[in-house]
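Undergrad: structure for this input, please:
(one chain, ligands or ions: 1)
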Amino acid sequence: MTDRTAVVGAADELLPGSAATWRQEPEAARIPASLHVDRTLPPRHRLDRWVARHRERQDHARAVFAASRNPERGLPVARMRSALGFIGSLLGTRRLGVTAMIVFNALAAVAALVIPRLLGDLVDDATGGGATLRETDTVLLFVLGVVLAHGVLTFAARRASAVVGYDLLAAAREHVVETVLRLPLGKVEAASSGDLITRITSDVNKMSNAVRWSLPNLMTSATMVALTVVALLLNSPLLTLPLVLSAVMLFFSVRSYLKRAIAGYITESATYSRINATVTETVEGARTVEALRLAAHRQQRLDDDIAESSQAERYTMSLRNLLFIWLDFAFQVPLVFVVLLGTWGYSEGLVTVGQITTAAIYLQQLVSPMDRLIQVLDHLQVGIAATSRLLGVAEVPDDRTPGEVTPAASDLVGRDLRFAYREGHDVLHGVDVALRPGERLAIVGPSGSGKSTLGRLLAGINRPRTGAVTVGGVDVMDLPLPVLRGEVCLVSQEHHVFVGTLRDNIVLAREGAATDADVRAALAAVDAQGWTDRLPDGLDTRLGQGRTGLTPAQAQQVALARLVLADPHTLVLDEATSLIDPRTARHLEGSMAALLSDRTVVAIAHRLHTAHDADRIAVVIDGRIAELGSHDDLLAADGEYAHLWRTWRS
Ligand SMILES: Nc1ncnc2c1ncn2[C@@H]1O[C@H](COP(=O)(O)OP(=O)(O)OP(=O)(O)O)[C@@H](O)[C@H]1O
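TA: Numbering: from 1, shown residues only. Okay, the predicted model is just below:
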């Protein structure tokens, strides 16, 4: 891309209604972010508006949730069952740790339950006048011992939970990284980078919190609740009755919450993805923003994203608030009933004061684990939503179906190639191109005419909408990636230097099969031996961010050396030498000439001298091959190429 097109292209990404828009969450799912609390309204109307807003946010959450099921629109979201299955399988492979976690949590809960029972007995002995000072001392000492045991067991339980939690987190992170690396390149590029980043950062963290905090607390609280109910029953079945009321209230309020929460949290995360996408694009396009004075527009877009996110957060907050109101009722009402029932039962001689005391303490003791249990449910909803988004990355449909057949020949043919980045907007319109083995084809044409897109299709990066690219008669989309890499390779304008040694950066094209001599030969082939020999640690010199920096030209040479090692019979060079100054580029091309001589080369060229040296030149205009022939033939034809050539020469 030229500098001008770089600016215009980047501006396209940053302006409304541009190509960038389709990469994000479905536009239809946006909600108006204009609903603010109107304090001038009378309270009843305010309540009406609150209900209306709540419904609107709920509809929005449902729409985003439904849209997230469509893999064609952004990155998909996995089903809740898959998320639970994933967490379950992680837990299943750590049986020892999980068992330790359960056992210690259960023992800690039992220790906590013994104390009220002892205190209740003490009250009964005291009110009955049966307890001596010595007995009271013994009971208190015993209570102290149990408190100490409880502390030790709680420590052991938390430690076991932390070990399991961090282990799970590490496993989940590895899974996510592997999944992301396996994604088809075309799909990764089509996804919003903000969404991908949010999923592998914020969603991984949410899942990790759910695992590290929620699972242990779920164990502790659930054990505590279950044992407290058993203890209540053992203490007095009559005084346990009010719990039924509590259970009914809890059941309905939690069920209603759970029905809505997942969609709410997935929507909330989707809004974070939007914010991330807007910020990332703005930072990446900072120069364009400055050059075209787009700051106010970008600011507005970010404000809109934040406003929308705040609406989504308000919705989940309302869900939580409603839940907690019900929980307060569910916790307080039984206590009142225990006192009332206890008073009646005492007057009828059915229960003792000690039993009432124990029941009241147990009920009080139940509030905290119940409260935590509900918080755990809330965190788990967030965790499950985050896990669903994480696993959704793995559900991106693969764009190739690798088969068993390997190409017997090396002729590369493209037939009826059409391609659209946006549905209904083809950028290639039925291109036919056939390369003879060993031929050099230069692709030239105006900016945006589809040269790079054609190169990507020929290299098997993207699947054409119609037609196919075949190598030796086999569709490139049917070849497994390692096989394809040995057939056709694309060298693009971006040359990433990975953090690692110079050697690592080069052998990744043929991992495990390349020796140091191969690496040196590859560097020599691209004329990089001089400066690489002068590096302080030779092939062991560490490159990448924060380490030895490379000039763009050196980075490009490293990328080319990688390619030499991959040894494909066909190379697609997408302005591969554009970042090197013309003299070095000429030099580099010269030194590569011997290497390229027995390969098929498709060179997407801006500098026409590359075209001049090619066997044939394809002139791409508006997604079609307008002219095809040798330099001399095309000059003689006096068409588009002749015009470009004269302009370039002058
Ligand atoms: N990732 C993308 N998303 C949406 N549209 C795209 C994308 N990449 C390219 N396009 C559009 O497809 C069309 C063809 O682009 P392409 O990069 O293939 O042209 P080109 O001839 O290589 O341009 P240049 O010489 O400027 O690199 C252009 O209109 C471009 O805006």
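
Undergrad: which SSE is Leu428 in?
TA: Assigned by DSSP states H and E, Leu428 belongs to strand 425-435.

Undergrad: sorry, that was for Pro482
TA: Pro482 belongs to helix 481-485 when elements are defined using DSSP H and E.

Undergrad: hmm, Ser253 is touching Phe331, no?
TA: No. Look at Ser253 against Phe331 with Cβ atoms under 8 Å: they stay out of range, at 11.5 Å. (Glycine included, C-beta is placed from N, CA and C.)

Undergrad: look at Gly500 and report its pLDDT.
TA: Predicted confidence (pLDDT) for Gly500: 83.

Undergrad: the helix or strand hosting Phe86 - contacts with which helices or strands?
TA: Per DSSP H and E, Phe86 falls inside helix 80-92. On a contact count with 3 or more Cβ pairs under 8 Å, 6 or more residues apart in numbering; DSSP states H and E, helix 80-92 meets helix 133-182, helix 353-394.

Undergrad: hmm, who's touching stretch 446-464?
TA: Contacts with stretch 446-464, where a contact means Cβ atoms under 8 Å, 6 or more residues apart in numbering, come from 1-2, 5, 185-186, 399-400, 412, 414, 417-419, 427-428, 431, 433, 443-445, 469, 476-477, 479, 484, 488-490, 492, 572, 574, 602, 604, 620-623.

Undergrad: can you pull the contacts of the residue nearest the centre of the chain?
TA: Geometric centre of the chain, nearest residue: Arg199, 2.5 Å, by Cα atoms, centre = their mean. Applying Cβ under 8 Å, 6+ apart to Arg199 gives the contacts 75, 176, 273, 389-390, 392-393.

Undergrad: repeat that with 6 Å
TA: Contacts for Arg199 (Cβ atoms under 6 Å, 6 or more residues apart in numbering) come out as 389-390, 393.

Undergrad: do the same with Val497
TA: The neighbours of Val497, taking Cβ under 6 Å, 6+ apart as the test, are 543-544, 550, 555.

Undergrad: just those: which are in strands?
TA: Taking DSSP state E, the ones among these that sit in strands are Leu543.

Undergrad: please identify the buried residues of stretch 295-302?
TA: When burial is assessed from 16 or more other Cβ atoms under 10 Å, stretch 295-302 yields the following buried residues: 298, 301.

Undergrad: ditto for stretch 643-650
TA: In terms of neighbour count (16+ other Cβ under 10 Å), stretch 643-650 has its buried residues at 644-645.

Undergrad: average pLDDT for that stretch?
TA: Rounded mean pLDDT across stretch 643-650 is 82.

Undergrad: is the ligand within reach of it?
TA: No. Looking at stretch 643-650 against the ligand by Cβ under 6 Å from any ligand atom, there are no contacts, and the closest approach is 12.4 Å.

Undergrad: next up, phi/psi of Arg624, please.
TA: Here is the backbone geometry of Arg624 (degrees, to the nearest 10): phi -130, psi 150.

Undergrad: what's it in contact with, if anything?
TA: His429.

Undergrad: and if we set it to 10 Å?
TA: Neighbouring residues of Arg624 by Cβ atoms under 10 Å, 6 or more residues apart in numbering: 428-432, 445, 449-450.

Undergrad: repeat for Gln365
TA: Taking Cβ under 10 Å, 6+ apart as the test, what Gln365 contacts is 112-113, 115-116, 224-225, 228, 231-232.

Undergrad: just flag the most distant two among those residues.
TA: The span of those, defined through Cβ to Cβ, is set by Ile115 and Val225 at 16.5 Å.

Undergrad: what residue in the stretch 201-350 of the chain comes nearest to the ligand?
TA: Closest approach of the stretch 201-350 of the chain to the ligand (Cβ to the nearest ligand atom) occurs at Glu281, with a separation of 12.9 Å.

Undergrad: just say helix, strand or coil for that residue.
TA: helix (DSSP: H, G, I helix; E, B strand; the rest coil).

Undergrad: next one: it from Thr288, what distance?
TA: For Glu281, the distance to Thr288 equals 10 Å [Cβ to Cβ, to the nearest Å].

Undergrad: for the stretch 401-550 of the chain, which segments count as strands?
TA: According to DSSP state E, counting those that start in this stretch, the stretch 401-550 of the chain carries its strands in the segments 412-422, 425-435, 440-444, 466-471, 474-475, 488-491, 500-501, 542-543.

Undergrad: sheet partners, orientation included, of the first one?
TA: Strand 412-422 has its sheet partners listed here by DSSP bridges as strand 425-435 (antiparallel), strand 466-471 (antiparallel).

Undergrad: for the ligand, which of those strands is the nearest?
TA: Closest approach to the ligand among the strands paired with strand 412-422 is made by strand 425-435 (3.9 Å; Cβ to the nearest ligand atom).

Undergrad: what residues of the closest one count as buried?
TA: Here strand 425-435 shows 426-428, 431, 433, 435 as buried, counting by 16+ other Cβ under 10 Å.

Undergrad: angle of that strand against strand 440-444?
TA: 160 degrees (axes from the mean of the first three to the mean of the last three Cα atoms, to 10 degrees).

Undergrad: wondering if strand 425-435 reaches the ligand at all.
TA: Yes. Applying Cβ under 6 Å from any ligand atom, one finds strand 425-435 touching the ligand at Val427.

Undergrad: mean confidence score for that strand?
TA: Mean pLDDT, strand 425-435: 93.
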